[in-house]
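Student: Build me a model:
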Amino acid sequence: MSSIIPPKPRSLSSGKIRIAIVAAKFNQEYTDSLVQNAVDEIDEITSDARIDIVRVPGAFEIPLVSQTIIDEEKPDCLIALGCIIRGGTGHADLVATSVTQALLELSVSKNIPVIHEVLLVEDEKQAYARCIGKKINRGREAARSAVEIIETMQEIRRENQSLRLHPSNG
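Tutor: Residues are numbered from 1 along each chain as shown. Prediction:
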């Protein structure tokens, strides 16, 4: 486990951005904190972001709602937030693996960055450290990753647009 979060990215340079956050309601104390920390961090980095938040019952519902939002709303990036605490059975691992695979497939198939912070933790102590604590807060980390990948995608698209407008004579 990393004990630090990435440095704060530079502010976005080009226009209004749209970030969708899909967050589980389950383990609400932890997921509420992830959402609040993500929103606060986005607001600190850029004042030009529209943030849409949708809450779903649990982590398993995140991929379906995420796909619907991407299809209907076309955000620049989607952040998936949740907290799965392991219990005495393998259910948590099954849910976490399914959500991870679905979010990856969604991001690649739709060509929209999806920041995956649906956490699988051993116990409430780990949940607190990652969701509520300040040192390794995954909500803030998700926000930083979202802003950085939006900037990266915008740069790639600008470069490709420039190449289409000004093809080389090679």
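Student: mind listing the helices in this protein by residue range?
Tutor: Remark: helices assigned in the chain by DSSP state H are 28-45, 62-73, 91-110, 124-131, 138-165.
Student: now those in TSV, with mean pLDDT and distance to Glu117?
Tutor: Every C-beta, even on glycine, is put in place using the N, C-alpha and C of the backbone. Converted to TSV, these look like this (pLDDT from 0 to 100; distance: least, CB to CB, whole Å):
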stretch	mean pLDDT	distance to Glu117
helix 28-45	97	7
helix 62-73	98	10
helix 91-110	97	10
helix 124-131	96	9
helix 138-165	89	4
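Student: Now do the contacts for Ile115.
Tutor: Residues near Ile115 by CB atoms under 8 Å, 6 or more residues apart in numbering: Cys77, Leu78, Ile79, Ala80, Ala142, Ser145, Ala146, Ile149.
Student: Check it and give its pLDDT.
Tutor: Ile115 carries a pLDDT score of 98 in this model.
Student: related to what we said a few turns ago, what's the closest of the helices of the chain to Ile17?
Tutor: helix 138-165 (5.6 Å; CB to CB).
Student: ok and the closest one relative to helix 91-110, angle-wise?
Tutor: Angle of helix 138-165 versus helix 91-110, following axes from the mean of the first three to the mean of the last three CA atoms, to 10 degrees, is 20 degrees.
Student: next one: helix 138-165 to chain centre, how far?
Tutor: 14 Å (CA atoms, centre = their mean, to the nearest Å).
Student: now for that helix, which elements pack on it?
Tutor: strand 17-24, helix 28-45, strand 77-85, strand 114-121, helix 124-131 (3 or more CB pairs under 8 Å, 6 or more residues apart in numbering; DSSP states H and E).
Student: out of those, deepest packed?
Tutor: strand 77-85 (a mean of 26; mean count of other CB atoms under 10 Å).
Student: middle-most residue in the chain, spatially?
Tutor: For the chain, the residue nearest the mean C-alpha position is Ile79 (2.3 Å; CA atoms, centre = their mean).
Student: Enumerate every residue touching it.
Tutor: Contacts of Ile79 (CB under 8 Å, 6+ apart): Ile19, Ala20, Ile21, Val22, Ala38, Val114, Ile115, Glu117, Ala142, Ala143, Ala146.
Student: gap between it and Asp123?
Tutor: Here the criterion is CB to CB, to the nearest Å. By it, Ile79 lies 24 Å from Asp123.
Student: Okay, Ala92 and Ile150: tell me how far apart.
Tutor: Look at Ala92 and Ile150: by CB to CB, they are 31 Å apart.
Student: Check Lys25 too.
Tutor: From Lys25 to Ile150 the distance is 26 Å (CB to CB).
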